[in-house]
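> Next one to model:
(one chain, ligands or ions: 1)
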Amino acid sequence: MSKASAPGKIILFGEHAVVYGQPALAVPVTQVRADVQIDNNSDAGIRINAPGIEFSENFKSLASPHPLAATIKNTLSVLEVDSLSGVTIHIRSNIPIASGLGSGAAVSIALIHALAKHLKKKLTLEQVNTLAYETEKIYHGTPSGIDNTVVTYAAPVYFIKSQPIEILKVNKPFTIVIGDTGYPASTLESVSDVRVQHRKNPERYGTLFSMIGGITNTARRLIENGSSESLGPLMDENHKLLQHMTVSSVELDDLVDTARKAGALGAKMSGGGRGGNMIALVQPEKAEQVAQALKEAGATKTIVTRVE
Ligand code: PMV
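This is a model prediction of the structure:
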């Protein structure tokens, strides 16, 4: 039996703009995880079970391109293993799907690690990251690579597309409340819509992207110099720019307003948007109060996480 696990993630600053070369900040969320276990069985093939989403299939019957099939195939190829058989792969995850918390990346990365363990082989984190990025392309079309990077390294990251990863030094830990609108939304769709808008109006969208990049760089400095309590207004500003890009939603805006009124220092949507999760910066002693207010306003789930 081989087991591996990977955390969820949130984007603190810079989603969407990161697809266009701007920097973004993302951190792991260890309260939610994807777990993969590989057992030997007496059958010939590879059985994949994900009871949480009522998925039970044989590897061979998966239509191509399938993210799980591609992950297995690409991992075996990097590990220089011709074929795998007689195994059952169990996937369990409490990361909501299509909600901006990195569910796809976490499943891929836990699966890659579990396969390497099962085959008694080693992969570098760089190899894991590259493999997971290939699968992200199936999920998201043209991903920046931020999700697979933050989940692979399981550490706060300052990320610029196609550049070497930079681990973010968090000088003073801070607390984030995450609120789920309960409405899943496709990142592929919101990213494609932004692309269409950008093509129609390159100047306006170019300005929005570079303003978000500026906010992200300021946020990085605050986090690294121990002034994380000052991130609130930057989150508010980033949210406003994402609204201008039309990737927020009524439900996200409601939860963002609710968090601010309940005492958060700032709040914004997080991830692809149009649904999924929002995040709020809070003083630790206000976390429960803000989480409660979010639930009363309709959040289907809240998570309190410490960024350190
Ligand atoms: O997977 P999500 O919903 O957290 O979105 C990732 C962030 C985007 O910037 C919207 C897309 C990307 O590939 O960076």
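> Around the ligand, which positions in the chain sit nearby?
Residues of the chain that fall close to the ligand, judged by CB under 6 Å from any ligand atom: 11, 15-16, 18-19, 100, 140, 143-144, 146-147, 187, 191, 271-272. (Each C-beta comes from the backbone N, C-alpha and C, glycine too.)
> which regions of the protein sit below the pLDDT cut-off?
For the chain, no stretch is flagged by pLDDT under 70.
> just checking, what's the longest helix in it?
helix 202-224 (DSSP state H).
> gap between that one and the chain center?
19 Å (CA atoms, centre = their mean, to the nearest Å).
> Now the element after it, going C-ward?
With elements assigned by DSSP states H and E, the helix or strand that comes after helix 202-224 is helix 232-244.
> quick one, that following helix and helix 202-224 angle?
Going by axes from the mean of the first three to the mean of the last three CA atoms, to 10 degrees, helix 232-244 is angled at 160 degrees with respect to helix 202-224.
> quick one: contacts of helix 232-244?
12-16, 208, 211-212, 215-216, 218-219, 222, 248, 253, 256, 260, 264-269, 273, 279-281 (CB atoms under 8 Å, 6 or more residues apart in numbering).
> Can you select the buried ones among those for me in PyMOL?
Applying 16 or more other CB atoms under 10 Å to the contacts of helix 232-244, the buried members can be selected in PyMOL as follows:
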select buried, resi 12+13+14+15+16+208+211+212+215+216+218+219+222+248+253+256+260+264+265+266+267+268+269+273+279+280+281
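> Give me the helices and strands touching the longest helix of the chain, please.
With contacts taken as 3 or more CB pairs under 8 Å, 6 or more residues apart in numbering; DSSP states H and E, helix 202-224 sits against strand 2-13, strand 24-40, helix 187-200, helix 232-244.
> which phi and psi does Gly141 have?
Backbone torsions of Gly141, given as degrees, to the nearest 10, read phi 80, psi -80.
> so it touches Ser190, yeah?
No: counting by CB atoms under 8 Å, Gly141 sits too far from Ser190 to count as a contact (10.8 Å).
> So for the two, which residue has more residues nearby?
Ranked by neighbour count (other CB atoms under 10 Å), Gly141 and Ser190 place Ser190 first, with 26 against 15.
> what about the helices in the stretch 51-200 of the chain?
67-78, 103-118, 125-140, 146-153, 187-200 (DSSP state H, counting those that start in this stretch).
> tilt between the last one and helix 146-153?
Put simply, helix 187-200 runs at 130 degrees to helix 146-153, going by the same axes, to 10 degrees.
> got a list of contacts for helix 187-200?
Taking CB under 8 Å, 6+ apart as the rule, helix 187-200 contacts 16, 19-20, 98, 100, 139-143, 205-206, 245-247, 271-274.
> give the contact list for the residue lying closest to Leu68 once chain neighbours are set aside.
Closest residue to Leu68 apart from its sequence neighbours, by CB to CB, 6 or more residues apart in numbering: Ile48 at 5.9 Å. Residues counted as contacts of Ile48 (CB under 8 Å, 6+ apart) are Phe55, Ser56, Glu57, Asn58, Phe59, Leu62, Leu68, Thr88, Ile89, Ile91.
> With distance to Glu166 and neighbour count as added columns, please give the residues you listed in TSV.
Below are the contacts of Ile48 laid out as TSV (distance: CB to CB, whole Å; neighbours: other CB atoms under 10 Å):
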residue	distance to Glu166	neighbour count
Phe55	36	11
Ser56	40	11
Glu57	38	16
Asn58	41	12
Phe59	36	18
Leu62	36	17
Leu68	30	21
Thr88	39	16
Ile89	33	22
Ile91	31	20
